[in-house]
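Novice: Take this sequence and fold it.
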Amino acid sequence: MLAVALGISRNSVTAVYEQLGAEGYVESDRQGTRVAALQHPSAQSSARAKSRPPDIAERSLHIRERSYSAPDTLALRPGVPALARFPIGAWKNCLDRVIQRAGTDLLGYGDPLGEMPLRTAIMRHLAISRGVRCEPEQVVITEGAQEALALCVRLVTNPGDIAWVEDPGYRGAQAALACGDLKMVPISVDAEGLRVSAQAWKQQCPRLIYATPSHQYPTGAVLSAARRLKLIREAQAHGAWIIEDDYDSEFRHAGAPIGAMQGMVAQAPVLYVGTFSKTLFPALRTGFLVLPETLIDTVAPVLRATLRGGHRHEQLALANFIESGQFGRHLGRMRRLYRKRQALLREALHDYLDVPHTVMGGESGMHLTIRLSEDYPDQRIVESAQSFGIAPAPLSQFFLGPSHADNGLVLGYGNTSESTFVPLIQRLNQVILWGADSNKTDHKSVSRRRRKE
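Specialist: Predicted structure coming up:
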């Protein structure tokens, strides 16, 4: 009857009834088919649900969103390499070779710890260039450095443990530690890097220490050999682990690269983290973690149970890219490029940045950090600069507890052409001066309101 009334086939009606029954909207028995009794949320309860904040884990509430997020294409954005200089043709050839040789053999999950040819290639490269002591079995391939940091937290800490972090320091590391529900203790940084007092070991002994010893982020300081050895010695004595984030140590502009802390002492309690986001390109999303030899037997079963292999074509292509010498040649070209760009950016800052400032670090990497007085609020400068296509990062955002003294800008030159430095710094200078004038106006308005009150 329904099919006749609607002018459709009987099979269509039967199929619809069957679908409604499968989804639970109708119930059928010998007496017939009836609409199921469903409890629909009332409008009142729906309104209450919308007004109530989501019930998420408390530790997630402590993660601060970066206020300086900007597209990679904007000038002076830190953390982005020279993308236009990447040898895309050579990379394509490596991918093509892997696909042609393997066919469909690599479409399965693969080893959860990563493809062994890539782990072996990374081990060889680190031994030669960074002095890292490891075997391929100690190398774990990760989804960028962020996953490597999260793995470190999961493997060696429990909720509530104390973690020391550099202050100022990398926000991604702070987020990884917060997700592990760790109690973060900021440790100040000076010209020799992380500055740890004897009192800190006694009063706030850590389970985990995060450091960027070869090129502190964002100040550019290098952790001195004496402090490295002391940190390792104290960590061994107190049962602490050190995360060594070696994010861009390949790009040292004065002298030979500084060796990794991991290789300074045999059986050092160091979890070594690296990434190809800075040396190649961020979208590759490939990082690695070198585990201490003493941890391998314990954590390898855990990793194999909790991780899944993947990106097998890219991993084998990257192994070929390294072993064929393409990676080393690309690093050499980028070292020369970044050395030139940093020198020219320093010149532009000296000649065209009129406001009082201090340039920090600068012997490595792809960024320079400048300190400014509190008369030039960095967050306001960054917000204004982005409207002109300039994307520095505010220094104050890298501190756990920002104060007026923690004020400045982090300027990335990796993906910004040196030919644009002069007009960019001239424009940035105008933005800073405009922000200072605006800040003074705001202070005057507040003073006038107070006098009236």
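Novice: Where does pLDDT dip in the protein?
Specialist: For the chain, the stretches with pLDDT under 70 are 43-55, 61-62, 64-69, 404, 436-453.
Novice: distance from the centroid: which residue in it tops it?
Specialist: Met1 (64.0 Å; Cα atoms, centre = their mean).
Novice: Can you name the residues that contact that one?
Specialist: Residues near Met1 by Cβ atoms under 8 Å, 6 or more residues apart in numbering: none. To be clear about C-beta, it is placed using only N, CA and C from the backbone, and glycine gets the same treatment.
Novice: which strand is the longest one in the chain?
Specialist: In the chain, assigned by DSSP state E, the strand with the most residues is strand 183-190.
Novice: just the CA coordinates of it, formatted as PDB?
Specialist: The C-alpha coordinates for strand 183-190 follow below in PDB (Å, rounded to 0.1, in the frame of the first residue of the first chain):
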ATOM      1  CA  LYS A 183      55.200  19.300  38.000                       C
ATOM      2  CA  MET A 184      57.300  21.700  35.900                       C
ATOM      3  CA  VAL A 185      60.100  23.700  37.700                       C
ATOM      4  CA  PRO A 186      61.600  26.500  35.600                       C
ATOM      5  CA  ILE A 187      65.400  26.600  35.600                       C
ATOM      6  CA  SER A 188      67.000  29.800  34.400                       C
ATOM      7  CA  VAL A 189      69.300  30.100  31.500                       C
ATOM      8  CA  ASP A 190      72.400  32.300  31.200                       C
END
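Novice: Show me where the protein has its strands.
Specialist: Under DSSP E, the chain gives strands at 26-29, 32-35, 139-142, 162-167, 183-190, 193-194, 208-211, 241-245, 270-275, 287-290, 358-360, 367-371, 393-394, 408-412.
Novice: Give the other helices and strands that the last one contacts.
Specialist: Looking back up the chat, that one is strand 408-412. strand 367-371, helix 378-386, strand 393-394 (3 or more Cβ pairs under 8 Å, 6 or more residues apart in numbering; DSSP states H and E).
Novice: Please repeat the previous calculation with a cut-off of 10 Å.
Specialist: helix 326-352, strand 358-360, strand 367-371, helix 378-386, strand 393-394, helix 421-452 (3 or more Cβ pairs under 10 Å, 6 or more residues apart in numbering; DSSP states H and E).
Novice: what are the pairing partners of it, and which direction each?
Specialist: Strand 408-412 sits in its sheet next to strand 367-371 (antiparallel), strand 393-394 (antiparallel), going by DSSP bridges.
Novice: Leaving out chain neighbours, which residue sits closest to Arg308?
Specialist: Residue nearest to Arg308 in three dimensions, not counting chain neighbours: Tyr109, with 5.4 Å by Cβ to Cβ, 6 or more residues apart in numbering.
Novice: Give me the neighbour count for the one you found.
Specialist: 10 (other Cβ atoms under 10 Å).
Novice: Was I right to think Tyr352 contacts Asn429?
Specialist: Yes - when contacts are counted by Cβ atoms under 10 Å, Tyr352 is listed as touching Asn429 (5.9 Å).
Novice: how about JSON lines for the strands of the chain, with mean neighbour count and distance to Arg304 added?
Specialist: Shown next, in JSON lines, are the strands of the chain (neighbours: other Cβ atoms under 10 Å; distance: least, Cβ to Cβ, whole Å):
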{"stretch": "strand 26-29", "mean neighbour count": "12", "distance to Arg304": "46"}
{"stretch": "strand 32-35", "mean neighbour count": "10", "distance to Arg304": "50"}
{"stretch": "strand 139-142", "mean neighbour count": "25", "distance to Arg304": "10"}
{"stretch": "strand 162-167", "mean neighbour count": "24", "distance to Arg304": "26"}
{"stretch": "strand 183-190", "mean neighbour count": "17", "distance to Arg304": "30"}
{"stretch": "strand 193-194", "mean neighbour count": "24", "distance to Arg304": "34"}
{"stretch": "strand 208-211", "mean neighbour count": "26", "distance to Arg304": "23"}
{"stretch": "strand 241-245", "mean neighbour count": "25", "distance to Arg304": "21"}
{"stretch": "strand 270-275", "mean neighbour count": "27", "distance to Arg304": "18"}
{"stretch": "strand 287-290", "mean neighbour count": "24", "distance to Arg304": "14"}
{"stretch": "strand 358-360", "mean neighbour count": "15", "distance to Arg304": "43"}
{"stretch": "strand 367-371", "mean neighbour count": "23", "distance to Arg304": "37"}
{"stretch": "strand 393-394", "mean neighbour count": "26", "distance to Arg304": "38"}
{"stretch": "strand 408-412", "mean neighbour count": "27", "distance to Arg304": "38"}
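Novice: Is it possible to get those strands out as JSON lines so that each row also shows distance to Ile381?
Specialist: Conversion of these to JSON lines gives the following (distance: least, Cβ to Cβ, whole Å):
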{"stretch": "strand 26-29", "distance to Ile381": "63"}
{"stretch": "strand 32-35", "distance to Ile381": "62"}
{"stretch": "strand 139-142", "distance to Ile381": "35"}
{"stretch": "strand 162-167", "distance to Ile381": "21"}
{"stretch": "strand 183-190", "distance to Ile381": "22"}
{"stretch": "strand 193-194", "distance to Ile381": "27"}
{"stretch": "strand 208-211", "distance to Ile381": "28"}
{"stretch": "strand 241-245", "distance to Ile381": "27"}
{"stretch": "strand 270-275", "distance to Ile381": "29"}
{"stretch": "strand 287-290", "distance to Ile381": "31"}
{"stretch": "strand 358-360", "distance to Ile381": "16"}
{"stretch": "strand 367-371", "distance to Ile381": "11"}
{"stretch": "strand 393-394", "distance to Ile381": "7"}
{"stretch": "strand 408-412", "distance to Ile381": "7"}
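Novice: So for Leu223, which of these sits nearest?
Specialist: strand 193-194 (3.2 Å; Cβ to Cβ).
Novice: which helices and strands does the closest one pack with?
Specialist: strand 162-167, strand 208-211, helix 225-238.
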